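Novice: return atomic coordinates for the entry below.
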Amino acid sequence: MRESYIIELEDDAVGVVVPFGSRVTFHASDARMAELEGRVFEDAGEAVRAARSQLRKAA
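Specialist: Modelled structure (predicted):
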């Protein structure tokens, strides 16, 4: 069984990815990540890249 992972960027927890079949679902824990809430990604790495991109947009 795969595990859930907390995504931290710039020392802030911005979300968590939870296994969803063979993929992962993103759940935002930071308001700057609201656009990613509920999105399904191929893997945690893809979710991290999306979160980094979103963080740049929010800056």
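
Novice: tally of neighbours for Val17?
Specialist: Counted with other C-beta atoms under 10 Å, residues neighbouring Val17 total 26. Heads up, the C-betas are built off the backbone N, CA and C, glycines and all.

Novice: you'd agree it is up against Tyr5?
Specialist: Yes - judged on C-beta atoms under 8 Å, Val17 makes contact with Tyr5 at a distance of 5.1 Å.

Novice: for Val17, which non-adjacent residue is closest in space?
Specialist: Val24 (4.0 Å; C-beta to C-beta, 6 or more residues apart in numbering).

Novice: for Val17 and Tyr5, list the residues in contact with both.
Specialist: Taking C-beta atoms under 8 Å, 6 or more residues apart in numbering as the contact rule, Val17 and Tyr5 both touch Val24, Ala44.

Novice: so Glu46, which of the three states?
Specialist: helix (DSSP: H, G, I helix; E, B strand; the rest coil).
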